[in-house]
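Undergrad: Take this sequence and fold it.
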Amino acid sequence: MSGNAVGVSKIVRGCLPTHESGPLSPTPGAYQALNPHPLKTLTDKISLATNPAGMAVAKSYVNCTDDTSLPHHYPWHPRLSQKLGLFRLIQLPGGHELCFSDPVRLARAIMAAGQD
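TA: The predicted model follows:
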């Protein structure tokens, strides 16, 4: 296995719950792994010592273009990504739970986001 394949494999194993029919079977293990997310964590302001746009680190944003977990008028990108300043944008088809529906595609996107 190449180094990239090993990295993708580790990310995929970390994404999916193990289920009796195998680690890549998203149901019913996927539903047991999900939990509700409070809206206030997306709307309340937070205080950071340094603005993310000013941080001297490489930044990437992985955007799943079919994500409908938020209303269309309240999108993830560019509403949140623009706060990063200069960043690498990785866009891929898929929804909010891509770690269950296509973990390999998500893992490859994460690997691409981390490349220099």
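
Undergrad: From here on, just use CA atoms for contacts and neighbour counts.
TA: Noted.

Undergrad: Pretty sure residue 41 sits in a helix.
TA: Yes. Counting by DSSP: H, G, I helix; E, B strand; the rest coil, residue 41 falls inside a helix.

Undergrad: Residue 55 versus that one, what's the distance?
TA: 22 Å (C-alpha to C-alpha, to the nearest Å).

Undergrad: measure residue 113 to residue 69 for me?
TA: Taking C-alpha to C-alpha, one finds residue 113 at 22 Å from residue 69.

Undergrad: out of these two, which sits in the more crowded spot?
TA: The residue with more neighbours, out of residue 113 and residue 69 and counting by other C-alpha atoms under 10 Å, is residue 113; that gives 19 against 12.

Undergrad: quick one, which of residue 41 and residue 55 is more surrounded?
TA: Shown here are residue 41 and residue 55; by other C-alpha under 10 Å, residue 55 has more neighbours (12 against 9).

Undergrad: which SS class is the most centrally placed residue in the chain?
TA: The centroid of the chain falls nearest to residue 62 when counting by C-alpha atoms, centre = their mean (6.0 Å). Using three-state DSSP, the three-state assignment for residue 62 comes out as strand.

Undergrad: So what sits opposite it in the bridge?
TA: residue 90 (DSSP bridges).

Undergrad: quick one: the helices in the protein?
TA: For the chain, the helices defined by DSSP state H occupy 3-15, 29-33, 40-43, 98-101, 103-113.
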